[in-house]
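**Student:** when you get a sec, could you give me coordinates for this:
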Amino acid sequence: MHNLHHLRVMSKRRKRIILLGCGTLALALVWAMVPESKPEPSYQGRLLSEWLDRASMGGVPDSTRREAEAAVRAIGTNALPTLLGWIRYEYSPVRELYASVVTRLPLSEKLRNGLERISGSAKATIPHWSAGEGFRILNTNAVTAIPQLFHLAAGPNRRPVARRAVQALGGIGPPAVPHLITLVTNRNGPVSHEAVIQLALLATNVPTVTPLFLQFVEDPAFDVSYAACFSLQRAGVSPQAAVPVLIRALQSKHEEIRLVAAHALGGYGADAIPAVPQLQAGLLNTNWRMRYAATNALLRIAPQILTNEPPQ
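**Tutor:** Residues are numbered from 1 along each chain as shown. Predicted coordinates for the structure are as follows:
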């Protein structure tokens, strides 16, 4: 009787395994029927992705990086369809389901690793992290892609796609500034923070952007205000203009903004002397993070206040 029960349990288990296996096979077949993307452009026998790897790889000679960037420029606008494809790439829910099923199957480690490589291979062959580098190298030669990138950044896409699109807009440079400003002020957009950072990187080449950061710091949207506080100095905002705005930011209702404002004031060094009273008050704050931020800022602005040594 016991053996009969054992056989029934084994039979049910085998059925489950067979069903799961059939499901996995079906998913694999569906996967195989997904049409492949257009061929990746190449130059002098190397694919675009290979040149981008060389251009962004750390520890390589400058000559190698310059050669790779020249190769990407030689590919030129022929690279845009591929770069845009990488930007908009999303890991398919079907692939996620396939990977999930594989992890649940009672398989040998070797077989499971093989199936997981299948589920990850398509993702691995999409170097979406290189797309921003490609747009940075092409710079204004990629202006025709701005409308599509803006749509990807502002549309109902997943956050990683929108973020990559914003970074690509920043790589194109000054022609993309109006679109980045629109993304900052888009209250329903998911990437206002990233758009502020990209504008800060462009501010040295587009001086008209710099005054906007004073408005961004006091923007009611948390993401915009936080990113602007963090980016003021990078955006080239003078201490005379930045310090009063950052002092007001120390009174923000958001703790993270108060902390980043203190950090930003420290970045201006002795030019932020007017903020000393507010930072001294921060030393008595009940929040240890605020006390820590105020201490670090004062060490850079007026260290004598903490050490009781006369200023030099």
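
**Student:** residue 58 should be in a strand, yeah?
**Tutor:** No - assessed with DSSP: H, G, I helix; E, B strand; the rest coil, residue 58 is coil; it does not lie in a strand.

**Student:** can you pull the phi/psi pair for it?
**Tutor:** Taking degrees, to the nearest 10, you get phi -80, psi 150 for the backbone angles of residue 58.

**Student:** check what pLDDT it gets.
**Tutor:** Residue-level confidence at residue 58 comes out at 78, pLDDT.

**Student:** ok, it to residue 64 distance?
**Tutor:** As for residue 58, its distance to residue 64 is 11 Å (criterion: C-beta to C-beta, to the nearest Å). Yep, even glycine has a C-beta here, placed from its N, CA and C like the rest.

**Student:** now swap in residue 225 and tell me
**Tutor:** 41 Å.

**Student:** over to residue 239?
**Tutor:** 40 Å.

**Student:** so for those two, which sits in the more crowded spot?
**Tutor:** Neighbours were tallied for residue 239 and for residue 64 using other C-beta atoms under 10 Å; the higher tally belongs to residue 239 (20 against 13).

**Student:** you'd agree that one is up against residue 270?
**Tutor:** No - taking contacts as C-beta atoms under 8 Å, residue 239 lies outside contact range of residue 270: 9.1 Å.

**Student:** for the spatially most central residue of the chain, list the residues it contacts.
**Tutor:** The chain has residue 163 as the residue nearest its centroid, 5.5 Å off, counting by C-alpha atoms, centre = their mean. By C-beta atoms under 8 Å, 6 or more residues apart in numbering, the residues touching residue 163 are 191, 194.

**Student:** what pLDDT does it get?
**Tutor:** pLDDT, residue 163: 91.

**Student:** host element of residue 50?
**Tutor:** Assigned by DSSP states H and E, residue 50 belongs to helix 48-56.

**Student:** can you list contacts of that helix?
**Tutor:** Applying C-beta under 8 Å, 6+ apart, the contact partners of helix 48-56 are 40-43, 60, 64-65, 67-69, 71-72, 75, 79, 82-83, 127, 130, 133-134, 137.

**Student:** what does stretch 217-226 give?
**Tutor:** By C-beta under 8 Å, 6+ apart, the surrounding residues in contact with stretch 217-226 are 184, 187, 192-193, 196, 216, 228-229, 232, 245-246, 248-249, 252, 254, 256-257, 260.

**Student:** which parts of stretch 248-262 are buried?
**Tutor:** Neighbour counts using 16 or more other C-beta atoms under 10 Å place 249-250, 252, 257-262 of stretch 248-262 among the buried residues.

**Student:** okay, and the helix or strand of the chain with the least pLDDT?
**Tutor:** Within the chain, no helix or strand scores below helix 2-33, which has a mean of 50 by mean pLDDT, DSSP states H and E.

**Student:** from the contacts of helix 48-56, which land in strands?
**Tutor:** In strands, judged by DSSP state E, the following of the contacts of helix 48-56 are found: 42-43.

**Student:** and the contacts of helix 48-56, which are buried?
**Tutor:** The neighbour-count test (16+ other C-beta under 10 Å) marks 40-41, 43, 68-69, 71-72, 75, 79, 82-83, 127, 130, 133-134, 137 as buried among these.
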